[in-house]
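One predicted model, sequence on top.
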Amino acid sequence: MSTSLPPEWQLPDGVPGGVWEYTQAEHIAGEYDDYFAENRLFEFDEQVLLKHFRRPGLVVDLGCGTGRAVVALARHGHRGLAVDLSPHMLSIVAEKARRENLPIHCVRANLVELGCLGDRSADYALCLFSTLGMIRGRQNRRRVLEHARRILKPGGLFVVHVHNYWFNLFDPLGRRWLVNHFFERMKNRAVEPGDKFFPFHGIAQMFLHTFKQSELRQELRAAGFRFREWIPLGVDRQRPLGHPHWFGRFRANGWIVVCE
């Protein structure tokens, strides 16, 4: 089951067709919490956030989904601003906030176009569960990071999670994708290194950009961030990678990075 897809020229900046379908599909929002119920990456995310977001303040959750992170933070005394392109995801966040009387406001927006958010208005910002990778085009992803930097107050913190391009080496299907991806890029220069298209929940061409460590470092620095903590994730994405100095840039499933 999928929603009707508008012509490519009508899609928002940085939003490929598969991601647009994802954000507009009511069934995906409705099944989201159940689908990821056993994924303990959310628990680890929460531990990282509570470790660094110590003083209560305004948290902007960029690509909030059903609000797992922002709801958890609001329960610990933070105020939340939930930003997502999916009206169905935001309705779930709003219902959670209403049910628990949490100070969370919802904004429907494309993460590439966040002029609606004021400069230096947030104490913290986050972009988790590889949401940054759902933005197509390097310049568009950089715009998201620049917005995150712009909306933070001096001394504010930003936490981001992405998947690792080279982790595909450790999976037979991943190795096949790496080979096919090489030849696809030879034929189509619009495909950037790390761009993946795959079927997901009835969406034929879901999109995800996977990052090399050097690329992620370069993009965060270009947006004006410094690194406070760099966490390579283990194979199961539920804990830090063991012995990260031993080829960690290849072995990590992905990274959670705390920036300031």
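Great, that's in hand.

Going by contacts, tell me the helices and strands next to the helix or strand of the chain with the lowest mean pLDDT.
Across the helices and strands of the chain, the lowest-confidence element by mean pLDDT, DSSP states H and E is helix 26-35, at a mean of 84. Counting by 3 or more C-beta pairs under 8 Å, 6 or more residues apart in numbering; DSSP states H and E, the packing neighbours recorded for helix 26-35 are helix 87-100. Every C-beta, even on glycine, is put in place using the N, C-alpha and C of the backbone.

From the contact counts, what lies against the helix it packs on?
helix 17-24, helix 26-35, helix 68-75, strand 79-84, strand 104-108.

Could you check the angle the longest one makes with helix 17-24?
Relative orientation of helix 26-35 and helix 17-24, computed by axes from the mean of the first three to the mean of the last three C-alpha atoms, to 10 degrees: 80 degrees.

And helix 26-35, how far out from the chain middle?
With C-alpha atoms, centre = their mean, to the nearest Å as the basis, the distance from the averaged C-alpha position of helix 26-35 to the chain average is 17 Å.

Past it, which element shows up next along the chain?
Sequence-wise, the next helix or strand beyond helix 26-35 is helix 41-52, with elements assigned using DSSP states H and E.

what sits up against that following helix?
Applying C-beta atoms under 8 Å, 6 or more residues apart in numbering, the contact partners of helix 41-52 are 36, 68-69, 72-73, 76, 126, 128-129, 157, 159, 161, 228-229, 231, 233, 237-239, 256, 258.

Residues touching the least confident helix or strand of the chain, excluding its own?
Residues contacting helix 26-35 (C-beta under 8 Å, 6+ apart): 1, 22, 65-66, 68, 86, 88-89, 91-92, 201-202.

give me that answer again for 7 Å
Residues from elsewhere that reach helix 26-35 (C-beta atoms under 7 Å, 6 or more residues apart in numbering): 1, 22, 65-66, 86, 88-89, 92, 201.

Could you export those to a markdown table, including columns for distance to residue 215?
Listed next are the contacts of helix 26-35 as a markdown table, based on distance: C-beta to C-beta, whole Å:
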| residue | distance to residue 215 |
| --- | --- |
| 1 | 34 |
| 22 | 23 |
| 65 | 24 |
| 66 | 29 |
| 86 | 27 |
| 88 | 31 |
| 89 | 27 |
| 92 | 32 |
| 201 | 27 |
